[in-house]
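Student: have a look at this prediction, sequence included:
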Amino acid sequence: MAGNYHSTRGMDDVVDAKAAILEGLAKDGGLFVSDEVLEERLDLDALGLEASSTVDYLTHARQVLSLLIPAYTPEEIYRAVAAAYGESFSDPAITPLTPFGDDWRLELFHGPTCAFKDVALQMLPRLVEIALATSAAAREGERVLILTATSGDTGKAALAGFADVDRTGIVVFYPEGLVSDVQRLQMVTQPGKNVGVTAIAGTFDDSQTAVKRVFADRALEARLAARGIVLSSANSINVGRLVPQVVYYVDAWCQLVRAGKIERTEAVDFFVPTGNFGDILAGYLAKRLGLPVGRLCICSNANDVLVDFLATGVYDRRREFKKSISPSMDILVSSNLERLLYFESDGDCELVARLMADLAEKGCYTVPERVMARIRETFTAGRADDDATRAAIKRAWEEDGILIDPHTGVGASVLAASEPEGRARVLLSTASPFKFPADVLRALGAPEERSGFAAMDALARLTGQEPPAQLAALIDAPVRFDGTIAPDDAVSFVEAEAERLLS
């Protein structure tokens, strides 16, 4: 079947897109990739590029997903796209493109949880639901337990997407004390009969490692399978989470063409705040499909392992973890980089497996220069510490009247420091500033420290902007989950939650 997926680390586990989405992670610990789908090309002439075109985001989503996950029928993709984006976003454009000084800002925060993760995590539950009902890989009556580690935004977006979805449960791990007050409240107040949340004593990388340990536990897998339960993931290691993100790169380019800002043949540079490498990898996939993409700029905070990697070819997680004001990027192990290594090494599974083994055993790996040279043809990188991020937030507000969050602030700082190369430049704006009101207030020079809802109210008064209703409503939401576990307790916790949520 065209469009089969296999592991980045070997060719033994070959499945279609529906099975890849249900499984989440390949059996050998690798990530699912498809060589065949990237041989396809976007039909740029069918994207509705005329100024009077009525082609919208939903149309682009159907076109892109049809290429990337061909196991889904056109009717299934149509149904999934309509359910994901029909009513759940506050802006009819879904991801509107707006001016940002001499550049552009792609607003990815108009979904139900006010973060870019909504674009994918409103789609993934629909893809899982369809796969459970139609995939040959799904046994009759089988249920899926979604297991997710979050550095802040993925958790809430996944919880909101999967809450009360038939035949699924979801468990989210977040690093204790390392997410914003608003991010934590969004998760621990989540309604739904099939949701579970716990803090992990440690960093995001500890949470992510705990998730991978659960997936690798074959005894747990067997016990769950005996009860008709399979594990999957809502992190961007799941191909069903990754491919919907490709759509907004395509849509951003189309918006520029329709507005007359670029010609059909012109490429666009994208500046992407990223930690786990999933968001920027989606831009790479868009380029592989034929979208005119120039440079993809990795925008890192003080946890700048990706910046050093691009410069040296050495990925080394053995460094100090730094808590920053952009917590969703506080990551030292960028899981999706594995997919890039696979593609830019021309599918060298043996190399990828060896590099990932080195990372697990030694904490670092070195990529051959021939592969790094190819990566550098597309990717650039820059870093911004907290002071630079605050300066970018203040500058955007004072010069342009635009309020941005600390993750977008990282990207804005790198954008400002980068020399233009003659192409239109788009900054991905990843979250509402009201998810991080205390840090945005401080950046704007507020005279006193505030936190939580006091900070949200103060930011609204200072700027004259209203916080999104779904964030303001958290003040009255009851806390449902207040536990913390050690990373070593992840397997037993997940097994107990499977019993509670899917019995």
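Tutor: Received it, and whenever you're ready, just let me know what you need. Numbering: from 1, shown residues only.
Student: for the rest of this, base every contact and every neighbour count on C-alpha atoms.
Tutor: Fine.
Student: wait, residue 25 sits on residue 241?
Tutor: No. With contact defined as C-alpha atoms under 8 Å, residue 25 does not reach residue 241; the gap is 11.9 Å.
Student: which one's more surrounded, these two?
Tutor: residue 241 (26 against 22; other C-alpha atoms under 10 Å).
Student: what mean pLDDT would you report for the helix or strand that one falls within?
Tutor: Using DSSP states H and E, residue 241 sits within helix 239-258. Averaging pLDDT along helix 239-258 yields 96.
Student: just name whatever secondary elements the helix or strand just after that helix is in contact with.
Tutor: The helix or strand immediately downstream of helix 239-258 is strand 268-273, counting by DSSP H and E. Other helices and strands packing on strand 268-273, by 3 or more C-alpha pairs under 8 Å, 6 or more residues apart in numbering; DSSP states H and E, are helix 278-288, strand 293-300, helix 406-417, strand 424-429.
Student: one more time with 10 Å
Tutor: strand 103-107, helix 239-258, helix 278-288, strand 293-300, strand 379-383, helix 406-417, strand 424-429 (3 or more C-alpha pairs under 10 Å, 6 or more residues apart in numbering; DSSP states H and E).
Student: burial measure for the nearest residue to residue 4 once chain neighbours are set aside, as a count.
Tutor: The spatially closest residue to residue 4, leaving aside those adjacent along the chain, is residue 16, at 4.6 Å (C-alpha to C-alpha, 6 or more residues apart in numbering). The tally of other residues near residue 16 (other C-alpha under 10 Å) stands at 22.
Student: show me what contacts residue 16?
Tutor: For residue 16, the contact set (C-alpha atoms under 10 Å, 6 or more residues apart in numbering) comprises 1-6, 32, 34, 69-72, 135-137.
Student: among these, which pair sits farthest apart?
Tutor: Using C-alpha to C-alpha, the two most remote members of these are 34 and 136, lying 18.8 Å apart.
Student: higher neighbour count, these two?
Tutor: Using other C-alpha under 10 Å as the criterion, residue 34 and residue 136 rank with residue 34 on top: 23 against 12.
Student: pretty sure the more buried one contacts residue 17?
Tutor: Yes. Between residue 34 and residue 17 there is a contact under C-alpha atoms under 10 Å: 8.9 Å.
Student: so what sits against both of the two?
Tutor: 2-6, 68-69, 239.
Student: from these, which single one is nearest residue 89?
Tutor: residue 239 (22.4 Å).
Student: got the domain boundaries for the chain?
Tutor: Split into domains by automatic domain parsing, the chain comes to 5-239+494-502, 255-439.
Student: contacts only, for residue 72.
Tutor: Neighbour list for residue 72: 16-18, 65-66, 78, 80, 127, 130-131, 134-135 [criterion: C-alpha under 10 Å, 6+ apart].
Student: angle of the helix holding residue 241 against helix 278-288?
Tutor: Counting by axes from the mean of the first three to the mean of the last three C-alpha atoms, to 10 degrees, helix 239-258 lies at 60 degrees to helix 278-288.
Student: which is the next helix or strand following the helix or strand bottoming out on mean pLDDT in the chain?
Tutor: When the helices and strands of the chain are scored by mean pLDDT, DSSP states H and E, helix 204-216 comes last with a mean of 90. As assigned by DSSP H and E, the chain's next helix or strand after helix 204-216 is helix 218-226.
Student: now the angle between helix 218-226 and the very next helix or strand once past that following helix, please.
Tutor: Next in sequence after helix 218-226, counting helices and strands by DSSP H and E, comes strand 229-233. Orientation check (the same axes, to 10 degrees): strand 229-233 against helix 218-226 gives 120 degrees.
Student: using CSV, write out every CA atom in strand 229-233.
Tutor: Extracted C-alpha coordinates of strand 229-233, given in CSV (Å, rounded to 0.1, in the frame of the first residue of the first chain):
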residue,chain,number,x,y,z
ILE,A,229,-5.9,-1.7,25.7
VAL,A,230,-3.1,-0.3,23.6
LEU,A,231,-0.8,2.6,24.4
SER,A,232,-0.4,5.6,22.1
SER,A,233,1.0,9.1,22.4
